[in-house]
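Engineer: Here is a sequence together with a model predicted from it:
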Amino acid sequence: MKMHRFMRFVGSYVLVGLLAAAGIIWLAPDLLQTEPAVIEVTEPPPAGEGDLAAAEIGSASGYRVSYADAVEAAMPAVVNIYTSTRAADPRNVLLDTPLFRELFDDPLADDSEALQTSLGSGVIASDAGHVLTSHHVVEGARQIQVMLSDNRTTSAEIVGTDPESDLAVLKLDLPNLAHVSLASSDRNRVGDVVLAIGNPFGVGQTVTKGIISALGRSELGLATFENFIQTDAAINPGSSGGALVDATGAVIGINTAVFSRDGNSTGIGFAVPAPLANAVLQDIIKHGRVIRGWIGVQVQEPSGETSAVEIVGVLRSGPADRAGLQAGDVIVALENRPLVGVSGLLDRISSMEPGSSVTLVGERDGEPREWTVEVTERPSDLARQRPESPPLR
């Protein structure tokens, strides 16, 4: 009996609760609705040393990244270069003689086919007005005009060129020139953000963004001395000689070429690294040319070997010939330091002062040998060798 009363008591309260809940749902359904959780997604500030210069601009949705400060630091020193070259006249070589042109009031002046124009870019790299650009931009140029970022224009003179690195130095005679210093050390890493500044297709100064895709690219056939920075930042015709800068605005390279069938950007571009460009700049300013060491040998890497080079030719009466080197000799070390392929030998020999001596360690017919070679200055006409012939080192 007591249990029956207890159950009736509990059941009555449960029934009252259910009726009350039903009434609330019927009369005030809004009381049971809850606001959905709002998740705000913001882009965090970029991490890494190279991205510290990217401006973090606050907005209602978080942050956006800008490289305007880097561009502002480098762009004033980037110039547009316009060149003209005289094409060979198929009619008569006498038409281009000074006497004939004087007598007949320059008969080639109206011949549009006799004058070819091209364009490129350059970087003002000293307060004295020295401009670094690509050798192929000014090769054979009879007139060079330069337009600065402030729209001033002036003619430029060639101080010196270095076809073997595809670099050239021009000189401007203008006051108040913005200039930049080339990065003195090579701290680049694959994946770093880079900006290419130049004058593509002559449309005017343009900035493209990408990353460093690879470092130390060589054996591309673009120049004798190759240690290129590869980037996917767009480099198009007219951008050659322009600046490749990092996210802080430091110039880390001089844009030189693009891997493409038609000359347009395909996401594979190359730049001469700043340390090499700066060495060429300083040599040309000081000597009017680049001075490199040379021993007069043609070499190749033996099959399956990457740490040795085989001599395939020796220049008669050259430094290596006088030291007793012969075709077929294999070199494994220079000054007791192991070699890393053909480019390793080339870089180390070229960095030596003419007049110094170098010890080469290797073998002949399987027997250990050593040779002491006197280094001389690398001839300037080696860049005109046929492409199919191994270059003289």
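Structural biologist: Okay, I see it. Numbers count the residues shown, from 1 in each chain.

Engineer: quick one, strands of the stretch 51-200 of the chain?
Structural biologist: Applying DSSP state E, counting those that start in this stretch to the stretch 51-200 of the chain gives strands spanning 55-59, 62-66, 78-86, 115-124, 130-133, 143-147, 153-155, 157-162, 167-171, 193-198.

Engineer: what's the model's confidence in the strand or helix carrying Pro275, averaged?
Structural biologist: Pro275 belongs to helix 274-287 when elements are defined using DSSP states H and E. Here helix 274-287 scores 94 as its mean pLDDT.

Engineer: Can I get the strands of the stretch 51-200 of the chain in CSV including mean neighbour count?
Structural biologist: Just so you know, the C-beta spots here come from the backbone N, C-alpha and C atoms, and that holds for glycine as well. Shown next, in CSV, are the strands of the stretch 51-200 of the chain (neighbours: other C-beta atoms under 10 Å):
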stretch, mean neighbour count
strand 55-59, 11
strand 62-66, 14
strand 78-86, 21
strand 115-124, 22
strand 130-133, 27
strand 143-147, 18
strand 153-155, 13
strand 157-162, 19
strand 167-171, 25
strand 193-198, 26
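
Engineer: Lowest average pLDDT across those?
Structural biologist: Among the strands of the stretch 51-200 of the chain, strand 55-59 scores lowest, at a mean of 48.

Engineer: roughly how far apart are the residue nearest the centre of the chain and Val123?
Structural biologist: Using C-alpha atoms, centre = their mean, the residue of the chain that lies closest to the mean C-alpha position is Ala271, 1.8 Å off. According to C-beta to C-beta, to the nearest Å, Ala271 and Val123 sit 11 Å apart.

Engineer: Which neighbours do these two have in common?
Structural biologist: Ile254 (C-beta atoms under 8 Å, 6 or more residues apart in numbering).

Engineer: got any ranges where the chain has weak pLDDT?
Structural biologist: Where the chain drops to pLDDT under 70, the residues are 1-63, 87-115, 260-265, 304-306, 382-393.

Engineer: Next up, the contacts around the residue lying closest to Tyr82 once chain neighbours are set aside.
Structural biologist: Distances taken as C-beta to C-beta, 6 or more residues apart in numbering put Gln145 closest to Tyr82, at 4.6 Å, once the chain neighbours are dropped. Taking C-beta under 8 Å, 6+ apart, we find Gln145 in contact with 81-83, 153-156.

Engineer: one more time with 7 Å, if that's ok
Structural biologist: Contact analysis of Gln145 by C-beta atoms under 7 Å, 6 or more residues apart in numbering lists 82, 153, 155.

Engineer: That one pairs with what?
Structural biologist: Tyr82, Ser155 (DSSP bridges).

Engineer: i'd like the first residue to be 26 from this point on
Structural biologist: Okay, residue one is now 26; in that scheme the one you just asked about reads as Gln170.

Engineer: how far away is it from Ser206?
Structural biologist: 25 Å.

Engineer: For the strands of the stretch 76-225 of the chain, could you give me CSV that also reports distance to Arg389?
Structural biologist: Output for these, formatted as CSV (distance: least, C-beta to C-beta, whole Å):
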stretch, distance to Arg389
strand 80-84, 62
strand 87-91, 59
strand 103-111, 49
strand 140-149, 47
strand 155-158, 43
strand 168-172, 51
strand 178-180, 56
strand 182-187, 35
strand 192-196, 38
strand 218-223, 46
